[in-house]
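Asks: Fold the following for me, if possible:
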Amino acid sequence: MTEDGVINKIKTRGYWRINFDPLESNPFLVEDRGKCKEIVTTSAVELRGWDYPHVPTENSRKESAIYNGQNFVGSYTNWERHKEVWRLEQSGKFTHIRGFWEDWWDEDTIFVIEDRNKYPPGSILSVTSAIYTLTEIFEFLKRLAEKNVYDSGVVVSIELHNINARKLLIMEPGRFLFSEYISNVNDYVLPSQVFENGQLVLEKAHDSAIELVSDVFETFNWDKGRQPMDTFRDDQKKLLERKI
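Replies: Got it, this is the predicted structure:
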């Protein structure tokens, strides 16, 4: 499998696209590719058994690789339900394409849920998983800011793709939705989050994640006024404290 092969596979189903774009234009904001790799490796977020972004420990397996390119370090993974490709450029630009886990249960032999055949690819988006994913994205951003990568600011852009006719689902026992919430659009670009300096990232990262959680769910026609925001914040807090 190649990077392009994994990207093409991911795009056949639902996926996230995440971009961090520094406000400062400097092609060598990070001095070399080795430093890029070190930054990602030491900043990756592991709060629920899988790191964000996933950093392979070696590059000889056909399922995953981490490698140096022209002014960037990159990685791809095609293993079980985990499908993702990312790059961190020396300019500080980070790009990540990640498949919805819910769409790849048919290739997963480890994570087995009851009646998973009821949820074919393209049918659902897990409410809790969306909260966790957005929290991980912004926690990773926060850790990059702690390493002074975005001292001069950064723009965060997040997109969801292939979500038309997909519905929200709560899979945890004892929790449920009172109505069906279904997307009527295929692709959605969330409002960009602009942080004018690294300190603002440190102060606002987690709140920004929750704001975008609410925006994602509104895209599925769950009105913001009816969303239990305190519950979303509690889910986020439990994840960050590793209490899930």
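Asks: Next SSE downstream of the longest helix seen in the chain?
Replies: The longest helix of the chain (DSSP state H) is helix 198-219. Using DSSP states H and E, the helix or strand that follows helix 198-219 in sequence is helix 229-240.
Asks: And residue 142, how far from residue 44?
Replies: 12 Å (Cβ to Cβ, to the nearest Å). The way it works is simple: take the backbone N, C-alpha and C, and place the C-beta from them, glycine included.
Asks: Between these two, which is the more surrounded one?
Replies: Remark: of residue 142 and residue 44, residue 142 carries more neighbours, 21 against 17, as counted by other Cβ atoms under 10 Å.
Asks: Correct me if wrong, but that one is in a strand.
Replies: No - applying DSSP: H, G, I helix; E, B strand; the rest coil, one finds residue 142 to be helix, outside a strand.
Asks: Quick check: it vs residue 199, distance?
Replies: Applying Cβ to Cβ to residue 142 and residue 199 gives a distance of 11 Å.
Asks: moving C-terminal of the helix or strand harbouring residue 95, what's the next helix or strand?
Replies: Following DSSP H and E, one finds residue 95 within strand 94-99. Heading C-terminal from strand 94-99, the first helix or strand you meet, by DSSP H and E, is strand 124-126.
Asks: got the buried residues for stretch 58-65?
Replies: For stretch 58-65, the neighbour count (16 or more other Cβ atoms under 10 Å) marks 64, 65 as buried.
Asks: Straight-line length of it, end to end?
Replies: Taking Cα to Cα, to the nearest Å, the first and last residues of stretch 58-65 lie 6 Å apart.
Asks: just stretch 181-198 next, same as before
Replies: So stretch 181-198: terminal residues 36 Å apart, Cα to Cα.
Asks: ok, residues contacting that stretch?
Replies: Stretch 181-198 is contacted by residues 23, 125, 145, 148-168, 201, 204, 208, 211-212, 215-217, 219-222 when judged by Cβ atoms under 8 Å, 6 or more residues apart in numbering.
Asks: what about 6 Å?
Replies: Stretch 181-198 is touched from outside by 145, 150-151, 153-161, 163-164, 166-168, 201, 208, 212, 215, 219-222, with contacts defined as Cβ atoms under 6 Å, 6 or more residues apart in numbering.
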